[in-house]
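In: Can you look at this prediction? I've put the sequence above it.
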Amino acid sequence: MPVYNVALNDLIKRLIPQTEKLQIAFEICIADDASTASKIEKANQLLVARHNCRYTRFNENRGRTATRHFLAENALYDNLLFLDADVLPTKPDFLQIFEQNLDRAQVIFGGIAYPKILPDTERALHYTYGKSREGRSVAKRKKKPYLSLVSQHLLIDKSVFLKCNPAEENAYGLDPYFAHRLEQQQVSVLHINNPTTHFGLETSASYIIKTHQALQTLVRLEIEEKMPRDYRPLQRVARQIVKRNLQHKILRLFKRYEHHILKNLCGNNPNLRLFDLYRLCYYLKLTLEDDSN
């Protein structure tokens, strides 16, 4: 579990009773990535000590990808179950279900769920997008087995993770890159129905900023030739627009209506098609900036 300024109480309490039913050796390892919320960090230390978890605290922030790499390198066993601190297993036999599927694939993903009720309207965009685009059924995830992976909870073979995890990167939005590396290595992937519920929702304004960061990461990885330029649907749509030389016209229209689009996205009822358009235009803008340099 990589953790940064998130209380672990609910997650640890949900997991501990389940560990008592496991038929395999296990450990719970936690790495605090230099949390700045001292009260939360101290409470986490007391909690994990009480439950005999292995705990490390970094003095400097390394980022989630490097933190996961540290946890993997120092893990005692060959099967790694990563859990972000802001998720909760939805099933009382969450760990046992993963245990039963250990030998079926090198990577196993149980899916993501979101709270049934929107916590508050300031988080409507992340909530709406997450429920619609990330909370997918097993059948839908199987259609795109690699791109459907989300690293906030993942069971993975240790050697595969250490080989494919982009530990040299410290950026937001690396899941598609990780998925691409897994696909390059032809790693076997299994999708099952064993979700965690994601409670750590961003405000809409913050989620848009993180969307910018993820697209900036994607464009940089393209430039560095680490990612193909047609791996994701957004990239393929953008390529068709450029092929038809429509990018400048679209971006002029986008500039005119950007304020209205953002007003909708930060409102109570964000339109995901507008969000798709916003992401596409921001990506086109970044690629044009790259071409001009």
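Out: Sure, I can see it.

In: roughly how far apart are residue 208 and residue 285?
Out: 14 Å (Cβ to Cβ, to the nearest Å). C-beta coordinates here come from the backbone N, C-alpha and C atoms, glycine included.

In: out of these two, which sits in the more crowded spot?
Out: residue 208 (20 against 17; other Cβ atoms under 10 Å).

In: can you tell me how far residue 166 sits from residue 278?
Out: Taken as Cβ to Cβ, the span from residue 166 to residue 278 is 26 Å.

In: got the end-to-end distance for stretch 182-190?
Out: 13 Å (Cα to Cα, to the nearest Å).

In: now that stretch: how far from the chain's centre is it?
Out: 18 Å (Cα atoms, centre = their mean, to the nearest Å).

In: do stretch 126-141 as well
Out: Here the centre of stretch 126-141 is set off from its chain's centre by 13 Å, with Cα atoms, centre = their mean.

In: For it, buried residues please.
Out: For stretch 126-141, the neighbour count (16 or more other Cβ atoms under 10 Å) marks 126, 127, 128, 129, 130, 131, 134, 135, 136, 138, 141 as buried.

In: measure it end to end?
Out: 20 Å.

In: Same question for stretch 68-83.
Out: Stretch 68-83: ends 10 Å apart by Cα to Cα.

In: what's in contact with that stretch?
Out: The contact list for stretch 68-83 (Cβ atoms under 8 Å, 6 or more residues apart in numbering) reads 1-2, 11, 25-27, 29, 31, 56, 62, 95, 98, 102, 151-159, 161-162, 165, 167, 196.

In: 7 Å instead?
Out: The contact list for stretch 68-83, computed with Cβ atoms under 7 Å, 6 or more residues apart in numbering, reads 1-2, 11, 25, 27, 29, 31, 98, 102, 151, 153-158, 161-162, 165, 167.

In: What does the pLDDT read for the residue nearest to residue 219 when sequence neighbours are not counted?
Out: Distance criterion Cβ to Cβ, 6 or more residues apart in numbering; nearest residue to residue 219, sequence neighbours excluded, is residue 286 at 4.6 Å. As predicted, residue 286 sits at a pLDDT of 96.

In: Show me which positions of the one helix or strand residue 286 maps to end up buried.
Out: Taking DSSP states H and E as the definition, residue 286 sits inside helix 272-292. For helix 272-292, the neighbour count (16+ other Cβ under 10 Å) marks 274-275, 277-287 as buried.

In: before we move on, what about stretch 64-74?
Out: Within stretch 64-74, the residues scored as buried using 16+ other Cβ under 10 Å are 64, 65, 66, 67, 68, 69, 70, 71, 72.

In: where does the third one sit relative to residue 158, distance-wise?
Out: Distance of residue 66 to residue 158, computed by Cβ to Cβ: 16 Å.

In: Please apply the same query to the fourth one.
Out: Counting by Cβ to Cβ, the gap from residue 67 to residue 158 is 16 Å.

In: So for residue 293, what's the pLDDT?
Out: 58.

In: Next: residue 10.
Out: At residue 10, the pLDDT value in this model is 94.

In: and it, what element?
Out: Residue 10 belongs to helix 9-19, assigned by DSSP H and E.

In: Give the other helices and strands that that helix contacts.
Out: Contact here means 3 or more Cβ pairs under 7 Å, 6 or more residues apart in numbering; DSSP states H and E; on that basis helix 9-19 packs against helix 38-50, strand 87-89, helix 94-100.

In: Does anything pack onto the helix or strand following it? Which helices or strands?
Out: From helix 9-19 onward toward the C-terminus, using DSSP H and E, the following helix or strand is strand 29-32. Applying 3+ Cβ pairs under 7 Å, 6+ apart, we find strand 29-32 packed against strand 2-3, helix 38-50, strand 54-57, helix 64-74.

In: From the rest of the structure, what touches the shortest one?
Out: Contacts with strand 2-3, where a contact means Cβ under 7 Å, 6+ apart, come from 30, 31, 32, 33, 35, 44, 64, 67, 68, 71, 84, 85.

In: Sheet partners, orientation included, of that strand?
Out: Using DSSP bridges, strand 2-3 pairs in its sheet with strand 29-32 (parallel).

In: Alpha carbons of the strand it pairs with, in CSV - could you do that?
Out: Only the C-alpha atoms of strand 29-32 are listed here, as CSV (Å, rounded to 0.1, in the frame of the first residue of the first chain):
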residue,chain,number,x,y,z
CYS,A,29,3.6,-3.7,3.6
ILE,A,30,3.0,0.0,3.7
ALA,A,31,5.2,2.9,2.4
ASP,A,32,4.4,6.4,3.4
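
In: What are the buried residues along that strand?
Out: 29, 30, 31, 32.
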